[in-house]
Structure formats: C-alpha cells, structure tokens
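K.L.:
Next one to model:
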Amino acid sequence: MLNIGVLHEGFVLDHIEAGKSMEIYNYLNLNKFDCCVAIIKNARSNKMGKKDIIKIECSIDEIDLDVLGFIDHNITVNIIQDDKIVEKKRLSLPKEIKNVAKCHNPRCITSIEQELDHIFVLTDPRKEIYRCKFCEEKYRRKKL
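P.N.:
Here you go, the predicted model:
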C-alpha cells in the first residue's frame, strides 16, 4: 500500500479520470508553482474503479477553478486547512472561458488579431457546447 504524507494546507483534486492527472498538471501549469505537488495515478475507487488524485500544497486562489471546471467538471476540490478538509467544492461548467482554447476558424478575428483574447461562451450546458464569442464557431472539445 502506498502512503502519501498528510497535507497541512492546500487542496486535493479528487475524482480525476484514471490516467489524466498529468494532462491536468500540464493544463494548469502546475510546474510553474513553487509548491509541493503529489500525483497519485490509478488509485482504487469504489465509485470510479480507478481514479487519479492531485495534492497541491498552496493556496486555492492560485488556480483557476473555471479552467478546471472546463477541463472536467466532475472533479471534486477538497480544501485542506490544519490537516482537515474544511470545504468540498463541486465544479461546474463555466459560462465563459478565456484563453483556454483557441478558435480554429481561419476567418475568425482571433486568427487575424493575434493579441485578441480567445473567448468561448457556453451555449448548450446539457451537451457541453462552447462557441467562439466572435464568430460562433463550435469548439470541438477533446476529452482529456
């Protein structure tokens, strides 16, 4: 049995689809943080069979929960203070994301104006469809 040390202050990203933690690590740019990060891959889970977990020893304010919700809104965020879980946050699909995905429409203004932000708006929450704010091109979501 693997034993990972106790997290005194920070947060835990739980219920990550098995094998996807490194992609989330890269997507959130956790390599740029000056804090301790533990990645647990393929942990046993009654609910999911197998899952990944990421433990991060820094303030929750340092990550963008909207980006995390866009990546996978089924992830649970456990906030840890004084060795205890003080809050569990459920993620949801953000209504708008900025500079997380790029519009692939060659006629979109974002293709011409390089400094313009790439903004996508959630247009169909049930089907999890995002569209470019400028040209309404549908974002083709890749599953992590």
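
K.L.:
and the helix or strand bottoming out on mean pLDDT in the chain, how far from the chain's centre?
P.N.:
Lowest mean confidence among the helices and strands of the chain (mean pLDDT, DSSP states H and E): helix 65-71, at a mean of 84. How far helix 65-71 lies from its chain's middle: 4 Å, per Cα atoms, centre = their mean, to the nearest Å.

K.L.:
ditto for stretch 14-33
P.N.:
7 Å.

K.L.:
Buried residues, that stretch. List them.
P.N.:
14-17, 20-21, 23-25, 27-28, 30 (16 or more other Cβ atoms under 10 Å). C-beta: built from backbone N, CA, C; applies to glycine.

K.L.:
hang on, the earlier thing: what helices or strands is the least confident helix or strand of the chain leaning on?
P.N.:
Packed against helix 65-71 by the contact rule (3 or more Cβ pairs under 8 Å, 6 or more residues apart in numbering; DSSP states H and E) you find helix 21-27, strand 96-98.

K.L.:
try it again with 10 Å
P.N.:
Contact analysis of helix 65-71 by 3 or more Cβ pairs under 10 Å, 6 or more residues apart in numbering; DSSP states H and E lists helix 21-27, strand 76-81, strand 84-90, strand 96-98 as its packing neighbours.

K.L.:
Let me have the ones you listed in JSON lines, adding distance to I39 as columns.
P.N.:
Converted to JSON lines, the helices and strands packed on helix 65-71 look like this (distance: least, Cβ to Cβ, whole Å):
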{"stretch": "helix 21-27", "distance to I39": "5"}
{"stretch": "strand 76-81", "distance to I39": "15"}
{"stretch": "strand 84-90", "distance to I39": "19"}
{"stretch": "strand 96-98", "distance to I39": "24"}
